[in-house]
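> turn this into a model:
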Amino acid sequence: MSFVEINILGVLISPFVPLMVLAFAITMALRVIAVEFGWMRRVWHPALFEFSLFLIVLTATVLIFGHLRIYN
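Next up is the predicted model:
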C-alpha cells in the first residue's frame, strides 16, 4: 500500500486529507440515517459513538483506496 502526495497548484497535500474528507462525509450520512431510525437515542455516549464510527469509516476508506492503488 503506497500513497503519494497530491499536487494542487504546486502545493503538496497528503493523500490522507481527501480520505478524511470522504470518511467525514460518509460518517455524516450514516449519522443522519441513525438519527432518522432512532438508533442515536439508544447510544450511551453519542459523541464517542460518532468518533468511533468516523475512525472505522476512515480505516475502511484507507484500506480500500490503498488496495485499489489509485494514488500510485
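> excluding its backbone neighbours, what's nearest the most centrally placed residue in the chain?
Of all residues in the chain, the one closest to the mean position by C-alpha atoms, centre = their mean is Ala23, 1.6 Å from it. Among residues not flanking Ala23 along the chain, Leu58 sits closest, at 3.9 Å (C-beta to C-beta, 6 or more residues apart in numbering). C-beta coordinates here come from the backbone N, C-alpha and C atoms, glycine included.
> correct me if wrong: the one you found contacts Met20.
Yes. In this structure, Leu58 is within contact of Met20 by C-beta atoms under 8 Å, at 6.4 Å.
> which one's more surrounded, these two?
Leu58 (18 against 15; other C-beta atoms under 10 Å).
> element containing the more buried one, please.
helix 46-68 (DSSP states H and E).
> what of Trp44?
Applying DSSP H and E, one finds Trp44 in no helix or strand.
> how far away is it from Ile33?
Separation of Trp44 from Ile33 (C-beta to C-beta, to the nearest Å) stands at 19 Å.
> how far away is Phe54 from Val4?
The gap separating Phe54 from Val4 is 24 Å, by C-beta to C-beta.
> tell me which of these two has more neighbours.
Phe54 (18 against 10).
> can you get me a residue count around Glu50?
17.
> okay, the nearest residue to it once chain neighbours are set aside and Met40: tell me how far apart.
The shortest distance from Glu50 to any non-neighbouring residue, by C-beta to C-beta, 6+ apart, is to Arg31 (6.1 Å). Separation of Arg31 from Met40 (C-beta to C-beta): 8 Å.
> sweet, I'm off.
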